[in-house]
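S.K.: Just need the structure, nothing else, for what follows:
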Amino acid sequence: MDELVADVVIVGFGAAGACAALEAADAGADVVIVERFAGGGASAVSGGVVYAGGGTRQQQDAGVGDSVDAMYGYLRLEAGDVVSEKTLRRFCEGSREMITWLEGNGVPFEGSLCPYKTSYPSDKYYLYYSGSEAAGGFRDAAEPAPRGHRVKGPGTSGKMLMTRLAEAVRRRGIRVLSQTRVRSLIIDQGVVTGVVVDTLRNASASVKARHQRLAQYSAKPGIYVPSVRKPLHRRVERLERAHARELRITARRGVVLAAGGFIANREMAREHAPAYRGGLPLGTAADDGSGIRMGVEAGGATAELGRISAWRFVTPPSAFLGGIIVDAGGRRIIDESRYGAAVGERLIEQHDGKGWLLVDAPIVAEARRDGSKQSQWFQGLQLRYLLRRGRVVGSTLDEVARKAGIDAAGLRASVEAYHGAEDPMGKPAEFARRLDNPPFSLIDVSVRPNLGYPTPMLTLGGLVVDEDTGAVRSVDGPPIRGLYAAGRTAVGICSRSYVSGLSLADCVFSGRRAGINSALAQGVLDKNENVF
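M.R.: Here you go, the predicted structure:
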């Protein structure tokens with residue numbers, strides 16, 4: 001069996017793995033990244049939004065006031081007790097430095113503030129309200145501020161994020177062993193000392209080229225068309241079985257599991273979150289839970305595995321915020337200005353995934369007028385679908401309810417309550433609109449397999465880690481020596497409730513934490529000293 005040796009071995013080359021590698025290398029460690037494909041992972045196919053606040057340079061450039069206390073107050077409501085107050089406070093206090101650190105590694109940001117509320121801005125804007133900060137119930141608890149820092153790049157800018165982080169990794173001279181799948185951890189008397197992998201590094205150039213091409217197409221456009229992804233990934237697996245060779249990699253100081261979540265593992269998703277079906281798996285084929293599985297096999301504890309973020313956005317266009325979302329009984333579901341994952345969770349957990357957005361003629365006209373200028377290309381396609389195939393129209397509320405198959409009396413009651421002095425769901429007045437100009441439209445926003453209007457989903461739970469070091473905790477409590485986890489392989493800031501940018505921000509935060517602590521694990525620091 002071939003062998004390699006390094007101080008720190010990192011499994012996965014997404015945002016968490018890249019940040020772990022950079023910090024470990026800067027701390028003086030010899031680092032090897034093991035990556036099944038070419039690198040990037042789910043981070044590269046993401047929107048490239050990093051949640052940050054407390055007065056970043058981009059917020060200042062946009063004339064936005066924010067504070068650490070306000071950021072903490074909002075995230076405390078979203079995160080609950082999934083991490084300690086100390087950890088969440090440390091995350092918020094380090095938020096500005098996190099953006100500066102990313103910029104120092106070549107990641108570009110900009111303070112062009114989006115003037116309307118949206119799920120993801122057009123290429124004119126790179127700072128926006130990416131969560132429920134301005135929604136009812138949140139703005140009263142914490143001063144709202146836009147904290148969605150989108151990496152400056154065209155389209156969904158996760159690709160730009162990972163391109164720049166990969167360049168920073170190369171500049172450090174960090175070894176990257178791509179087209180290599182980790183099979184298992186090496187454990188010696190309870191200590192993790194390395195990994196066993198199957199690698200294509202000695203395969204022919206034609207085999208490696210085919211593997212890379214198929215994996216690339218499986219990621220995109222395969223992410224949008226699961227029926228295309230599956231056969232492509234099967235061909236990837238056949239190449240790996242036929243041409244990969246076993247390799248043993250020894251880690252002198254530690255192994256960092258940064259292999260993503262498990263949204264691509266249908267069996268695991270059904271086991272832990274059976275209600276979350278019919279969504280679009282947001283990730284790559286490598287988000288198969290393998291990192292979590294290896295951690296469990298080493299004795300690691302898990303938590304929040306049933307938490308899946310399901311995005312049911314009704315914006316853009318921002319005009320749709322004036323409508324109301326109702327269930328089959330015509331009952332109102334939620335404050336429509338809430339973040340899309342909150343809408344998706346409410347639909348799935350309480351309404352069997354079924355919902356309709358009620359709007360009137362002026363809102364539809366405004367949506368048609370503003371839709372293209374507020375949208376990315378994929379959002380524009382979704383809007384066309386919703387206004388055509390996803391919509392029924394009626395001259396009265398009773399008629400449109402009958403066409404949609406929902407209860408008319410319930411719908412009338414919901415509209416009457418919405419028109420009252422205060423919205424019963426707490427939607428701020430700036431987003432509320434009277435719905436009294438026919439024809440009326442009911443737009444189907446149900447969660448189900450739908451290429452025209454998909455519901456992206458990603459997993460949030462994972463291995464339980466020591467919040468000071470990132471070391472994986474055993475089922476019995478103490479950390480497992482030599483084993484760390486980061487990103488969606490681990491429980492983190494976003495594992496209870498997700499808003500745009502919070503997963504990538506947690507990948508940076510937890511990746512850096514795991515990287516530096518694994519690099520300094522050999523008695524350089526006192527075991528009780530927090531180094532991040």
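
S.K.: pLDDT of the longest strand belonging to the chain, averaged?
M.R.: Using DSSP state E, we find that the single longest strand of the chain is strand 245-257. Averaging pLDDT along strand 245-257 gives 97.

S.K.: From the chain's centroid, how far away is it?
M.R.: With CA atoms, centre = their mean, to the nearest Å as the basis, strand 245-257 stands 27 Å off its chain's centre.

S.K.: cool, stretch 446-461 as well?
M.R.: 13 Å.

S.K.: Go through that stretch and flag the buried ones.
M.R.: Residues of stretch 446-461 classed as buried: Ser446, Val447, Asn450, Tyr453, Pro454, Thr455, Pro456, Met457, Leu458, Thr459, Leu460, Gly461 (neighbour count, 16 or more other CB atoms under 10 Å). Every C-beta, even on glycine, is put in place using the N, C-alpha and C of the backbone.

S.K.: Among these, which has the minimum pLDDT value?
M.R.: Lowest in pLDDT among the buried residues of stretch 446-461 is Asn450, which has 89.

S.K.: In which helix or strand does the closest residue to Leu280 other than its chain neighbours reside?
M.R.: Excluding its sequence neighbours, the residue lying closest to Leu280 (CB to CB, 6 or more residues apart in numbering) is Pro454, at 3.9 Å. Element membership for Pro454, per DSSP states H and E: none, as it lies in no helix or strand.

S.K.: can you pull the contacts of Pro454?
M.R.: When contacts are counted by CB atoms under 8 Å, 6 or more residues apart in numbering, Pro454 touches Tyr224, Gly279, Leu280.

S.K.: Buried among the residues you listed? Make that a PyMOL selection.
M.R.: To isolate the buried ones among these in PyMOL, judged by 16+ other CB under 10 Å, type:
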select buried, resi 279+280
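
S.K.: Check the contacts of Pro454 against Thr156 and report the nearest one.
M.R.: Tyr224 (11.4 Å; CB to CB).

S.K.: check which helix or strand covers that closest one.
M.R.: Counting by DSSP H and E, Tyr224 is part of no helix or strand.

S.K.: Ala142 against Ser67, yeah?
M.R.: No. Using CB atoms under 8 Å, Ala142 makes no contact with Ser67, being 9.3 Å away.

S.K.: Leaving out sequence neighbours, find the closest residue to Val176.
M.R.: Closest to Val176 by CB to CB, 6+ apart is Ile33, at 4.7 Å.

S.K.: Same check on Pro146?
M.R.: Tyr129 (4.7 Å).

S.K.: and that neighbour, how many neighbours?
M.R.: 23 (other CB atoms under 10 Å).

S.K.: Now the residue nearest to Leu280. Its backbone dihedrals?
M.R.: The phi/psi pair for Pro454 (degrees, to the nearest 10) reads phi -70, psi 160.

S.K.: cool, and Ser337?
M.R.: Residue torsions, per degrees, to the nearest 10, at Ser337 are phi -80, psi 0.

S.K.: Contacts only, for it.
M.R.: Lys117, Ser132, Ala134, Ala135, Gly136, Leu321, Lys427, Pro428, Phe431.

S.K.: for Ala514, same thing?
M.R.: Ala514 neighbours (CB under 8 Å, 6+ apart): Ala16, Ala20, Val256, Ala258, Val465, Thr469, Gly470, Tyr484, Ala485, Ala486.

S.K.: what stretches of the stretch 51-200 of the chain score poorly on pLDDT?
M.R.: By pLDDT under 70, the stretch 51-200 of the chain has no low-scoring segment.

S.K.: what about 90?
M.R.: Residue ranges of the stretch 51-200 of the chain with pLDDT under 90: 136-137, 140-141.

S.K.: Show me how far stretch 95-108 is from its chain's centre.
M.R.: Worked out by CA atoms, centre = their mean, stretch 95-108 lies 19 Å from the chain centre.

S.K.: let me redo that: stretch 328-341
M.R.: With CA atoms, centre = their mean, you get 22 Å for stretch 328-341.

S.K.: then it to PDB, C-alphas only?
M.R.: Below are the C-alpha coordinates for stretch 328-341, written out as PDB (Å, rounded to 0.1, in the frame of the first residue of the first chain):
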ATOM      1  CA  ALA A 328     -55.700  24.300   1.400                       C
ATOM      2  CA  GLY A 329     -58.200  25.600   4.000                       C
ATOM      3  CA  GLY A 330     -57.500  29.200   2.900                       C
ATOM      4  CA  ARG A 331     -55.800  29.900   6.200                       C
ATOM      5  CA  ARG A 332     -52.800  32.200   6.400                       C
ATOM      6  CA  ILE A 333     -49.500  30.400   6.900                       C
ATOM      7  CA  ILE A 334     -46.800  33.000   7.800                       C
ATOM      8  CA  ASP A 335     -45.500  36.500   7.600                       C
ATOM      9  CA  GLU A 336     -44.500  36.600   3.900                       C
ATOM     10  CA  SER A 337     -41.500  38.800   4.600                       C
ATOM     11  CA  ARG A 338     -39.800  36.000   6.500                       C
ATOM     12  CA  TYR A 339     -36.800  34.300   5.000                       C
ATOM     13  CA  GLY A 340     -37.700  31.500   2.400                       C
ATOM     14  CA  ALA A 341     -36.400  28.700   4.600                       C
END
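
S.K.: So for that stretch, what gets flagged as buried?
M.R.: 328, 330-341.

S.K.: So which of the residues you listed sit within helices?
M.R.: Judged by DSSP state H, helices contain the following of the buried residues of stretch 328-341: Gly340, Ala341.

S.K.: Pick out whichever of the buried residues of stretch 328-341 sits closest to Val192.
M.R.: Of the buried residues of stretch 328-341, the one sitting nearest to Val192 (CB to CB) turns out to be Ala341, at 33.6 Å.

S.K.: right, and that closest one touches Ala310 too?
M.R.: Yes. The pair Ala341 and Ala310 qualifies as a contact (CB under 8 Å) at a distance of 6.5 Å.

S.K.: Next, show the common contact partners of the two.
M.R.: In contact with both Ala341 and Ala310: no residue, using CB under 8 Å, 6+ apart.

S.K.: Ser414 looks like it's in a helix, true?
M.R.: Yes. Assessed by DSSP: H, G, I helix; E, B strand; the rest coil, Ser414 belongs to a helix.

S.K.: for it, what are its contacts?
M.R.: Ile324, Val326, Gly330, Arg331, Arg332, Leu358.
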